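# what's the 3D shape of this:
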Amino acid sequence: MSDDPASAAHPGPPHWRLRIGATAVTLGVGTRTVAEGPGADVSFSLAETVQALHRTYGAAARSGRRRRTGVPPPALTRRLGGLLAEAVGDRAVRALTAASRSAEAEGHGLPLVIEAEPGFDSLPWEALTLPGSPTPLALHPTVRPYRGFGGHHAPPPLDGPGRSLRLLVLLANPRRSPGHREPLLDLDAETARLAAAMSRVPGRTDLRVLSSGSLTALRTALAERPADIVHIVCHARPGELLLEDGAGDREPATADALWQAVRGAASVPAVVLVGCSTASPVNRAAGPDAGDHSRFLPGLAQSLTEAGVPAVVAMSAPVRDTYATR
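Predicted coordinates for the structure are as follows:
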């Protein structure tokens, strides 16, 4: 029996919660605190390793050859995972390890919401590795991490066992503008991958792919027929999606513009942002103190969640097109 108050609305295993802050790190399930330790310690080594990861991603974005490779060296990710575990602290890590093993033995997953305070929320906590595990939390066979902001919970399941899963896809590939070097996306391949993925979903599905990559087209399509998932494939940068205008030219769109496009529709439970750095915070003009976390503003994913979208899937760094689509 779960003590998770949301368990009635979300049947299945209880959702655990890892809260990371300057004064305390806690791990709990429902209303029960399982482990509590001192505040997260962001060491110099951790900060340096995160910087090295960003440099790797930046090099991948600037080089076509490395972009196709698209992954940091394994030694770097292993070092990062261990340093993140050290920052969280031994109490929470040991408790989470025990919980994941228990969930695995019982044959179910362990949903884990990660809530990090400002100043800690830009760190890739999903890359943390548990003792004895070769993979980060994001790829863990049992733990299913997602970010939480301000007490938001995962959306409820679809109503009615026989209802179709409705996916609305916006593919944006604007014409190249002077001074902009984004490579063209292979939208035919993206569409084929989505259709193949939908064919593996149990039950009935409804896939709609828009021919225009504009927010106007998205708004019109949602007004005509609602969707369970809005799936947007485009180039992006922290704080902006690079979409199309009515003529097919490049038109950046902020989280507020996207929210205005989907808010008029009947509830959209989830938005998937298949674009580089759609979960990354926005670094405004650097101040004199390079370590001042107040320089960072919420990224697209957090802004959409705070505006009212129940769930957002986004990317925290530049990624390969095939990985992002999957």
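# from here on, contacts and neighbour counts on C-alpha atoms
Noted.
# Residue 138: what's it in contact with?
126-127, 144-145 (C-alpha atoms under 8 Å, 6 or more residues apart in numbering).
# you'd agree it is in a helix?
Yes. Secondary structure assignment places residue 138 in a helix (DSSP: H, G, I helix; E, B strand; the rest coil).
# which residues of the stretch 101-250 of the chain fall in helices?
Along the stretch 101-250 of the chain, counting by DSSP state H, counting those that start in this stretch, helices occupy 187-199, 215-224.
# Show me the one of those that comes nearest residue 104.
helix 187-199 (25.5 Å; C-alpha to C-alpha).
# What is that closest one packed up against?
strand 205-209, helix 321-325 (3 or more C-alpha pairs under 8 Å, 6 or more residues apart in numbering; DSSP states H and E).
# between those, which gets the lowest average pLDDT?
Lowest mean pLDDT within these: helix 321-325, a mean of 54.
# How are the strands of the stretch 101-250 of the chain distributed by residue range?
For the stretch 101-250 of the chain, the strands defined by DSSP state E, counting those that start in this stretch cover 110-116, 143-147, 165-171, 205-209, 229-233, 235-237, 240-244, 250-253.
# Partner strands of the third one, with direction?
Going back to what we said before, that points to strand 165-171. Strand 165-171 pairs in its sheet with strand 205-209 (parallel), strand 229-233 (parallel), by DSSP bridges.
# now the last one: mean pLDDT?
Spelled out, that is strand 229-233. Strand 229-233 comes out at a mean pLDDT of 93.
# In PyMOL, select just the buried ones from the contacts of residue 138.
Buried subset of the contacts of residue 138, written as a PyMOL selection, criterion 16 or more other C-alpha atoms under 10 Å:
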select buried, resi 126+127+144+145
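# pLDDT score for residue 66?
41.
# coming back round to it: least confident of the helices of the stretch 101-250 of the chain, on average?
Among the helices of the stretch 101-250 of the chain, helix 187-199 carries the lowest mean pLDDT (a mean of 84).
# Okay, buried residues for that helix please.
Applying 16+ other C-alpha under 10 Å to helix 187-199 flags 190-191, 194, 198 as buried.
# Send me stretch 223-230 as PDB with only the CA atoms.
The C-alpha coordinates for stretch 223-230 follow below in PDB (Å, rounded to 0.1, in the frame of the first residue of the first chain):
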ATOM      1  CA  ALA A 223      -8.700  24.000 -32.100                       C
ATOM      2  CA  GLU A 224     -10.000  21.500 -34.700                       C
ATOM      3  CA  ARG A 225      -9.100  18.400 -32.700                       C
ATOM      4  CA  PRO A 226      -7.300  18.100 -29.300                       C
ATOM      5  CA  ALA A 227      -4.200  16.000 -28.700                       C
ATOM      6  CA  ASP A 228      -2.700  14.100 -25.800                       C
ATOM      7  CA  ILE A 229       0.800  14.800 -26.900                       C
ATOM      8  CA  VAL A 230       2.200  17.700 -28.900                       C
END
